[in-house]
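Asks: no sequence on this one, just coordinates:
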């Protein structure tokens, strides 16, 4: 058709839009074509991007960007998503990266789209729009925690051992965590002072680390409590548990555990005989029948006694009606013994009641004392008589006194006593030296008590057999003499028992002298109480030099001395030795009868018939060790005997060069109840500090002093360790030397 013409009927400059109208002649009619035109430099799209979302563990919905698109524009949308997990299977974040491109404006060759820095870069790509949307999926359901209270029984030493507490937890819901983590604190005695903290948020190698548990399976977390926690009877210990999932949800709870003595005491009773008083009554206490009842945890002095199962009748008045109801004069009486934890057991005893008008009984009493007049406590005294209710026993008081009350008069009684403990009280190698000098007629024992003490074998003779048995006791090979007692009691006639013939109204002078077997120099102390006796020592010291040569897992220790002058004998305990391999004599004759290894230490006892002086190698020992050797008094007191007067000298151990090594020894005893000694040696003197701290690192004790080179000992009392827990650590610092060891307090 013939082209008629064109015109621009409309143009909008603000929108940069326009139109061209073209007209043709179409068979007598005009045909019109409209051509819509736009500026190729289009304006920025007005895009509404999807909002960030927080969703409670549901599948996210992706709302696409929206925008107004003009005619002749061609735009497209794309999505890339990244997922970030904070806990496997739960609590994660999605980052949606949206891109919108207006293909009419977009230039794929724009220099800003590559990673190169170019002059053409202007920081803008026409028609290219991006936005990042954040979608958080959260879990608001807390884990379910299950705890339980537990009661533990103590071990044979009345402390906790191998104790384990536990709790369990599960995590439910659509976003349940696969793993749960823990924080646990333990408050001993529920005093709101935290003693132990455990956590899953500390390094795995830490002693207080707790591994995570499975969230869906309801697994338990287990905590092994420290050994040595004390028996607390009814003392509650509080445990605070907190379990956390991977989404910040946590649940807390608590439980209680106790460490208790569950074993009843063992009643050990004696039958009694007593007379009714003039008023026809007699009051007896339940503990009058006690003959040595004992408990696994409660000391004997703290046991309680009663005549009833409720513990409310510690004493009872027996009357004429009890005598009338008695069978053959005997009344059967149950006597209960109670420990501090409320456990109880009973024994039935026979009480012989006699009606003699109230004036037909008398007391038998006396005192047991050592040669120097010191009263000896804890001696079991026995009254034997051929009448009902006997034998009758009692124990001496702290002053050594004893009394048997209400004994029917005009009867015969045999009084004797025994004490079989404290075997090493006052017994040292010096006693062997003195007994040997007696045997060789060098210096005789002329005291009758000392002659009895010297006969350790109890065969009526003083011979080498006695020396052998005493040395075995010192070395720890014997815990007691095979054929003798620890203490022998004799009356003024040197008999070990006293006959009271035809008891009269006043029999108060049945006294005994206590002789400590093997202690011929009279150094045993009454009231020994499991601590070694301290003898009067000279200010002088015998110094042993040790040359140590290690080979094939063994250590050869060669002993010498620069001041081994006029020495009659010595004994010592050497810590750190686990096995004795070989013995070689030097200027001293030493064999296996002089040395033993017991309780993780080497014990030595040596003496000669004549005093010896030497500058040569004295002897050598081949041993196995588990630490650097250190002298102590733990088993045998470390001391020597020298000179005409047999002065008692201290012993020091030095290296081959005459110098001391830096060594921190294990505290003795360990565990301990009231006090313990920390032994150590210093290579060089200087400012030295001993610090004690608990398992949390809290300092409970510190002492500092300027000390010289050599061996030292610091005595720690339980009262010094303020606020101390059961497991403690002690650290020694002197110059560049630092060492740490563990100690345990027993309640």
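Replies: Sure, I can see it. Please read these numbers as outputs of a predicted model, since none were measured by experiment. Numbering: from 1, shown residues only.
Asks: does residue 321 count as helix, strand or coil?
Replies: Put simply, residue 321 is helix when judged by DSSP: H, G, I helix; E, B strand; the rest coil.
Asks: how about the helices of the chain, start to end?
Replies: In the chain, the helices defined using DSSP state H lie at 320-325, 429-439, 448-454, 464-474.
Asks: Tell me which of the ones you listed is the most buried.
Replies: helix 429-439 (a mean of 23; mean count of other CB atoms under 10 Å). (Each C-beta comes from the backbone N, C-alpha and C, glycine too.)
Asks: ok, now how distant is residue 224 from residue 451?
Replies: 57 Å (CB to CB, to the nearest Å).
Asks: what does residue 106 give?
Replies: 122 Å.
Asks: Please name the bridge partners of residue 330.
Replies: Here residue 330 sits in beta bridges with residue 327, residue 352, going by DSSP bridges.
Asks: Now do the contacts for it.
Replies: Counting by CB atoms under 8 Å, 6 or more residues apart in numbering, residue 330 touches 350-353, 388.
Asks: who wins for neighbours among those?
Replies: Greatest neighbour count in those, by other CB atoms under 10 Å, goes to residue 351: 25 neighbours.
Asks: show me the contacts for that one.
Replies: 271-274, 284, 318, 330-333, 389.
Asks: mind running it again at 7 Å?
Replies: 272, 330-331, 333 (CB atoms under 7 Å, 6 or more residues apart in numbering).
Asks: Could you measure from it over to residue 232?
Replies: Residue 351 sits 37 Å away from residue 232, taking CB to CB as the criterion.
Asks: likewise residue 737?
Replies: Using CB to CB, residue 737 is found at 39 Å from residue 232.
Asks: again with residue 502
Replies: Relative to residue 232, residue 502 is positioned 55 Å away (CB to CB).
Asks: For stretch 157-164, buried residues please.
Replies: By neighbour count, with 16 or more other CB atoms under 10 Å as the criterion, the buried positions of stretch 157-164 are 158-161, 163.
Asks: and what of stretch 647-666?
Replies: Within stretch 647-666, the residues scored as buried using 16+ other CB under 10 Å are 647-654, 660-666.
Asks: Quick check: which of those has the minimum pLDDT.
Replies: When these are sorted by pLDDT, the bottom entry is residue 660 at 76.
Asks: ok, now how distant is it from residue 704?
Replies: 20 Å.
Asks: repeat for residue 715
Replies: From residue 715 to residue 704 the distance is 16 Å (CB to CB).
Asks: do the same with residue 100
Replies: In terms of CB to CB, residue 100 sits 75 Å off from residue 704.
Asks: Ok, residue 114 next?
Replies: 71 Å.
Asks: Residue 324 too?
Replies: 75 Å.
Asks: which stretches of the stretch 101-250 of the chain form strands?
Replies: 128-137, 144-146, 150-153, 164-170, 179-187, 196-199, 213-214, 220-224, 237-244, 250-260 (DSSP state E, counting those that start in this stretch).
Asks: As TSV, those strands with distance to residue 415 would be great.
Replies: As requested, those are exported to TSV (distance: least, CB to CB, whole Å):
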stretch	distance to residue 415
strand 128-137	90
strand 144-146	65
strand 150-153	42
strand 164-170	54
strand 179-187	55
strand 196-199	55
strand 213-214	69
strand 220-224	55
strand 237-244	50
strand 250-260	42
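Asks: Please render the ones you listed as a markdown table that adds distance to residue 295 and mean pLDDT to the earlier fields.
Replies: Putting the strands of the stretch 101-250 of the chain into a markdown table (distance: least, CB to CB, whole Å; pLDDT from 0 to 100) gives the following:
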| stretch | distance to residue 295 | mean pLDDT |
| --- | --- | --- |
| strand 128-137 | 62 | 86 |
| strand 144-146 | 36 | 93 |
| strand 150-153 | 14 | 88 |
| strand 164-170 | 26 | 92 |
| strand 179-187 | 28 | 92 |
| strand 196-199 | 29 | 94 |
| strand 213-214 | 40 | 86 |
| strand 220-224 | 28 | 91 |
| strand 237-244 | 22 | 94 |
| strand 250-260 | 13 | 92 |
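Asks: Having no further points to raise, I will conclude here.
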